[in-house]
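> Just a sequence and a predicted model for now, questions to come.
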Amino acid sequence: MTLPKSFKAMVVSETADKKFVREITQKELSDLPAGELIIEVKYSSLNYKDALSASGNKGVTRKYPHTPGVDAAGVVVDCSNRSFAMGDQVIVTGFDLGMNTPGGFGQYISVPSGWAVKLPQGLSARDSMACGTAGLTAALCVMRLMASGLTKDSGEVLVTGATGGVGSIAVGILAKLGFNVVAATGKTEEKDFLTRLGAKTIISREEANDTSGRPLQKGRWAGAVDTVGGNILATAIKTAKYGGLVAACGNAMSADLAVSVYPFILRGVSLLGVDSVEIPINTRIRAWQKLAQDWKLDLSGDVITECSLEALSPYIDQILKGGIRGRVVVNLTA
Ligand SMILES: NC(=O)c1ccc[n+]([C@@H]2O[C@H](COP(=O)([O-])OP(=O)(O)OC[C@H]3O[C@@H](n4cnc5c(N)ncnc54)[C@H](OP(=O)(O)O)[C@@H]3O)[C@@H](O)[C@H]2O)c1
């Protein structure tokens, strides 16, 4: 297969006065790092972490100029160790993609073959990016809660940051599995959206954010998926009922967590950390299979906004303000 000399990508650069600018430009294939696998990217998606990378957050991306995009789905065009065949459809999420390795906001990526999983049957490349890292993380949270004993008969399950990428897919999966989902959101105008996703009850961000200073509150949740961290995660822990399970995966509100030990030692509450970046490949494959089969959601235009690379920048600014509903899929073929 003849590869093009250059391809289209978003490049984020640091200016002399320490500002960060984004442009869509042509990059040379030879600019990519040496990797076993070269993938022609068809679709990517926007995650909160991409917005941090695209706005100069050096905790995510150390060196600029840089092409963000922690997610990519596309076709193998070269594989030096033959672990994939030419033409295989693959998904790459996490590891270092889009952080310090040029990511899915470019039409080609070059990565270690161990970062890729075959696109599972039942998902198109676009479907897989409708889920992306957010969907993978939501699935991993639900898998972790269920492996720890949560069943649909356990009681109410709270999802925080419910209209966001991870939150909305977590609501959808839990509802599909028959759980009684309570969605906490700062966007009260999105009640209908959350109900359509399957939430039984919707509470405001304020209600999910206890500021009383008390170490325990009345126990309500059998389980929780927290995507925001900070005092909302602390509240989820304080309001978990006896034996409650709280999966923590995000920090959109804050990376801090101030709780006493009382929920743990008096109610046996468990805090379950969930990571999608370095998760072992077998768990990753299992999660993608669930997203493609039993847990597959009908992610319609209600949840998905599709855009070209050229139209992506305003969505990056919007996700940083917590303003995105559902998922933004980036079409690299447009
Ligand atoms: N552990 C992992 O491997 C992993 C993987 C993916 C993502 N994450 C993390 O998970 C979080 C969510 O990611 P995402 O891609 O779903 O982002 P997102 O689409 O921006 O969703 C985050 C949601 O959190 C709520 N929110 C935003 N700012 C808030 C604030 N200051 N206080 C309270 N709630 C706030 C908003 O929902 P409402 O308006 O509905 O409240 C927002 O839509 C991020 O922190 C991300 O870094 C972690």
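It's in.

> measure Gly322 to the ligand for me?
Applying CB to the nearest ligand atom, to the nearest Å, the value for Gly322 to the ligand is 3 Å. Where you see a C-beta, it was placed from the backbone N, CA and C, and this is true even at glycine.

> Now do the contacts for that residue.
For Gly322, the contacting residues are Gly161, Gly164, Gly186, Ala252, taking CB atoms under 8 Å, 6 or more residues apart in numbering as the criterion.

> Count the neighbours of the closest residue to the ligand within the stretch 151-300 of the chain for me.
With CB to the nearest ligand atom as the measure, the residue in the stretch 151-300 of the chain that lies nearest the ligand is Gly164; the distance is 1.9 Å. The number of residues packed around Gly164, counting by other CB atoms under 10 Å, is 28.

> can you count the residues close to the residue nearest to it when sequence neighbours are not counted?
Distance criterion CB to CB, 6 or more residues apart in numbering; nearest residue to Gly164, sequence neighbours excluded, is Thr227 at 5.9 Å. Neighbours of Thr227 under the rule other CB under 10 Å: 30.

> Mind putting the contacts of Gly322 into JSON lines with secondary structure?
Rendered in JSON lines, the data for the contacts of Gly322 read as follows (DSSP: H, G, I helix; E, B strand; the rest coil):
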{"residue": "Gly161", "secondary structure": "coil"}
{"residue": "Gly164", "secondary structure": "coil"}
{"residue": "Gly186", "secondary structure": "coil"}
{"residue": "Ala252", "secondary structure": "coil"}
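
> related to what we said a few turns ago, does the residue nearest to Gly164 really touch Ala252, like I thought?
Yes - under the contact definition of CB atoms under 8 Å, Thr227 touches Ala252, with a separation of 6.2 Å.

> Spell out which residues are contacts of both of those two.
With contacts defined as CB under 8 Å, 6+ apart, the residues adjacent to both Thr227 and Ala252 are Gly161, Gly164.

> would you list the contacts of Gly322 in CSV and tack on distance to Tyr262 and pLDDT?
Supplementary listing: those in CSV, determined by distance: CB to CB, whole Å; pLDDT from 0 to 100:
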residue, distance to Tyr262, pLDDT
Gly161, 25, 97
Gly164, 29, 95
Gly186, 27, 97
Ala252, 26, 93
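
> Can you say which of the residues you listed are buried?
When the contacts of Gly322 are checked for burial by 16 or more other CB atoms under 10 Å, the buried set is Gly161, Gly164, Gly186, Ala252.

> Wasn't Ala208 part of a helix?
No - residue assignment for Ala208, taken from three-state DSSP, gives coil, which places it outside any helix.

> wait, what's in contact with it?
By CB under 8 Å, 6+ apart, the contact set of Ala208 is Leu158, Thr160, Ala184, Ile232, Thr235, Ala236.

> how much space is there between the third one and Ala208?
What it means is Ala184. Going from Ala184 to Ala208 by CB to CB, to the nearest Å gives 4 Å.

> what sits in contact with each of these two?
Overlap between the neighbourhoods of Ala184 and Ala208 consists of Leu158, Thr160, Ile232, taking contacts as CB under 8 Å, 6+ apart.

> out of these, who has the most neighbours?
In terms of neighbour count, Thr160 stands highest of the shared contacts of Ala184 and Ala208 at 32 neighbours, by other CB under 10 Å.

> Name the SS class of the residue positioned nearest the centre of the chain, please.
For the chain, the residue lying nearest the average C-alpha position, counting by CA atoms, centre = their mean, turns out to be Ala134 (2.0 Å). Following three-state DSSP, we place Ala134 in the helix state.

> Return the residues in contact with it.
For Ala134, the set of contacting residues under the criterion of CB under 8 Å, 6+ apart consists of Ser45, Asn47, Gly164, Gly165, Val166, Ile169, Arg327.

> In contact with the fourth one, which residues are there?
Just to be clear, that refers to Gly165. Going by CB under 8 Å, 6+ apart, Gly165 touches Ser45, Leu46, Asn47, Tyr48, Gly132, Ala134, Gly135, Ile324, Gly326, Arg327.

> Backbone dihedrals for the fourth one, both of them.
Which is Tyr48. With angles defined as degrees, to the nearest 10, Tyr48 shows backbone torsions of phi -50, psi -40.

> Which strand residues bridge Ile304?
Under DSSP bridges, the beta-bridge partners of Ile304 are Arg327.

> and it, how many neighbours?
As a burial measure, the neighbour count of Ile304 was computed by other CB under 10 Å and equals 16.

> Ok, Asp17 next?
A count of neighbours around Asp17, defined by other CB under 10 Å, yields 5.

> before we move on, what about Trp288?
Trp288: 23 surrounding residues under other CB under 10 Å.

> Excluding chain neighbours, give the residue nearest to it in space.
Beyond its immediate neighbours in the sequence, the residue positioned closest to Trp288 (CB to CB, 6+ apart) is Pro120, lying 5.1 Å away.

> backbone phi and psi for the one you found, please?
With angles defined as degrees, to the nearest 10, Pro120 shows backbone torsions of phi -70, psi 150.

> Next SSE downstream of the helix or strand where Lys191 lies?
Element membership of Lys191 [criterion: DSSP states H and E] is helix 191-197. Heading C-terminal from helix 191-197, the first helix or strand you meet, by DSSP H and E, is strand 201-204.
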